[in-house]
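Undergrad: Next comes the sequence, and after it the predicted model I'd like to discuss.
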Amino acid sequence: MTIEHTLTSQERLAELDLDQLRQLVGLVSYDVDGDPFPVTGWDAVVWAVGNATQAALFYQAVFGMELVAYSGPETGNRDHHAYVLRSGAVRFVLKGGVDPASPLLDHHRTHGDGIVDIALEVPDVDRCIAHARTQGATVVEEPRDLTDEFGTVRVAAIATYGETRHSLVDRSRYTGPYLPGYVVRESGYRKPSGEPKRLFQALDHVVGNVALGDMDNWVAFYNRVMGFTNMAEFVGEDIATEYSALMSKVVANGNHRVKFPLNEPAVGKRRSQIDEYLDFYAGPGAQHLALATNDIVTTVDVLRAHGVEFLSTPDSYYTDPALRARIGNVRVPIEELSSRGILVDRDEDGYLLQIFTKPIGDRPTVFFEFIERHGSLGFGKGNFQALFEAIEREQAKRGNF
Ligand SMILES: [Fe+2]
């Protein structure tokens, strides 16, 4: 059996099938037998935020997510509140400190709102940790069982860039709402009638920003420690040299559910957006999450009506005859894309539609991408130039350019 036949627990809950996942996130078949660190897919994105109670409402009312589980003082957890939300196969866990001595508050003081854990579902936690250790990874949590009346979850964690970690989770013997210690929680929030059931179905990729000169080290880390392979997309200094630049390479797990583009700043005429992130996040960290939708037009319309702000795209992007030549036929008329600021990119496998939000917290750090794939397994390399111009206009408004 190969691992692409396995759906993650979240995908099963979301009633997604393999065909949908092939289209949404570019799922591929691969031979799991040769994989030293088999990863099934995403388990959760865990955030440390300044106010988890309010953020939980934000992700319900604005992003259309559903509150499903909770841990906090009422459940015996006196350190912090934790709210578990989902949309399709995407699971967010929002944590905010309650006890003034909570380490989450220290984390937030340093980094602001950010991602502390990109947790992955794996079939064999111990095997992964054993391999990671031989490859020199830092094991921040040894494998252990967590048990309650819903069963047992096996977990461990390794360190990645900055203060970010990858928890490794085997929940094959567990039926609870998230992890032992969490209780089912339903929200009193009611979605306005007429809105789509969900605005995104799956997590496509999580981008990490690392320090100048470190990108290749982290690519090597994912190759060596986690058996990830390099994807074709490579952004070098030749891109956007008129503006501040970045370098980017992409690694992916065997079935391509988990894709990690890794950016480092490159020397440009001005201070780069990656430098700005590293300054305001106080170090390396997760820069953006790409959420996969099968109807980006509706997703963007609903999010915008909820007040989400997206990066604007220069009009010249859509009127440029080279764009039309580059992208060919796409399912949405250019005028529809233009009025919403949705970008298009095409490669030999197909095309993708994408759009980026402004940073979602107070610091100019973490933001979201929404992506609708049609065959392309890329990340929008062709849009880097247009995107850079848009991001840097915002950076200049903040006085950081
Ligand atoms: Fe992206």
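TA: Done, it's in.
Undergrad: where's the residue nearest to His306 when sequence neighbours are not counted relative to Ile342, distance?
TA: Excluding the flanking residues, the one nearest His306 by CB to CB, 6 or more residues apart in numbering is Val62, at 4.5 Å. Any C-beta I mention is one placed from the backbone N, CA and C, and that applies to glycine too. As for Val62, its distance to Ile342 is 19 Å (criterion: CB to CB, to the nearest Å).
Undergrad: surely the residue nearest to His306 meets Glu309?
TA: No - counting by CB atoms under 8 Å, Val62 does not reach Glu309; the two are 11.1 Å apart.
Undergrad: ok, the residue nearest to His306 - contacts?
TA: For Val62, the contacting residues are 303, 306-308, by CB atoms under 8 Å, 6 or more residues apart in numbering.
Undergrad: quick one: contacts for Ser338?
TA: 313, 315, 318.
Undergrad: same thing but at 7 Å, please
TA: By CB atoms under 7 Å, 6 or more residues apart in numbering, the residues touching Ser338 are Tyr318.
Undergrad: Up against the ion, what does the stretch 51-200 of the chain have?
TA: Residues of the stretch 51-200 of the chain that fall close to the ion, judged by CB under 5 Å from the ion: none.
Undergrad: count of neighbours near the residue of the stretch 51-200 of the chain found nearest the ion?
TA: Going by CB to the ion, the ion is nearest to Phe200 of the stretch 51-200 of the chain, at 13.5 Å. For Phe200, the count of nearby residues is 29 (other CB atoms under 10 Å).
Undergrad: And stretch 188-207, what's buried?
TA: Of the residues in stretch 188-207, 198-207 count as buried by neighbour count, 16 or more other CB atoms under 10 Å.
Undergrad: what's the answer for stretch 213-228, then?
TA: For stretch 213-228, by 16+ other CB under 10 Å, it's 214-215, 218-219, 221-222, 224-228.
Undergrad: which parts of the stretch 201-350 of the chain sit against the ion?
TA: Ala290.
Undergrad: in the stretch 201-350 of the chain, what residue is nearest the ion?
TA: Per CB to the ion, Ala290 is where the stretch 201-350 of the chain lies closest to the ion, at 4.4 Å.
Undergrad: show me what contacts the residue of the stretch 51-200 of the chain closest to the ion?
TA: Counting by CB under 7 Å, 6+ apart, Phe200 makes contact with 87-88, 90, 291-293, 299, 370.
Undergrad: Just read off the phi/psi values of the residue lying farthest from the centre of the chain.
TA: Here the chain reaches farthest from its C-alpha mean at Pro321, the gap being 32.7 Å by CA atoms, centre = their mean. Main-chain dihedrals, Pro321, degrees, to the nearest 10: phi -60, psi -30.
Undergrad: does the residue of the stretch 201-350 of the chain closest to the ion count as helix, strand or coil?
TA: Put simply, Ala290 is strand when judged by DSSP: H, G, I helix; E, B strand; the rest coil.
Undergrad: Could you give the number of residues near it?
TA: Neighbourhood size, Ala290 [other CB under 10 Å]: 24.
Undergrad: tell me the contacts of it?
TA: Neighbour list for Ala290: 204-205, 369, 371 [criterion: CB under 7 Å, 6+ apart].
Undergrad: residues touching His229, list them.
TA: I think there's a mix-up here, since residue 229 is Thr and not His. Residues in contact with Thr229 (CB under 7 Å, 6+ apart) are 251-252.
Undergrad: I should have written Pro364 there, sorry.
TA: Residues near Pro364 by CB under 7 Å, 6+ apart: 276, 280, 398, 400.
Undergrad: From Leu311, how far off is it?
TA: To Leu311, Pro364 is 12 Å away according to CB to CB.
Undergrad: still on that earlier bit, as JSON lines, the contacts of Ala290 with distance to Asp347 and pLDDT would be great.
TA: Below are those laid out as JSON lines (distance: CB to CB, whole Å; pLDDT from 0 to 100):
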{"residue": "Asp204", "distance to Asp347": "15", "pLDDT": "97"}
{"residue": "His205", "distance to Asp347": "15", "pLDDT": "97"}
{"residue": "Glu369", "distance to Asp347": "17", "pLDDT": "97"}
{"residue": "Ile371", "distance to Asp347": "14", "pLDDT": "97"}
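Undergrad: possible to save those as TSV with secondary structure?
TA: Listed next are those as TSV, based on three-state DSSP:
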residue	secondary structure
Asp204	strand
His205	strand
Glu369	strand
Ile371	strand
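Undergrad: Closest one of those to Arg165?
TA: Set against Arg165, the nearest of the contacts of Ala290 by CB to CB is His205 (17.9 Å).
Undergrad: And the closest residue to the closest one other than its chain neighbours, its phi and psi?
TA: Counting by CB to CB, 6+ apart, Lys259 is the residue found nearest to His205 once chain neighbours are left out, at 3.9 Å. Note on Lys259: backbone dihedrals following degrees, to the nearest 10 are phi -120, psi 130.
Undergrad: so Lys259 sits right up against Val250, yeah?
TA: Yes - using CB atoms under 7 Å, Lys259 makes contact with Val250 at a distance of 6.1 Å.
Undergrad: Give me the common contacts of the two.
TA: By CB under 7 Å, 6+ apart, the residues touching both Lys259 and Val250 are Met231.
Undergrad: Helices of the stretch 1-150 of the chain, residue ranges please.
TA: Here the stretch 1-150 of the chain has its helices, by DSSP state H, counting those that start in this stretch, at 9-13, 18-25, 52-61, 103-111, 125-134.
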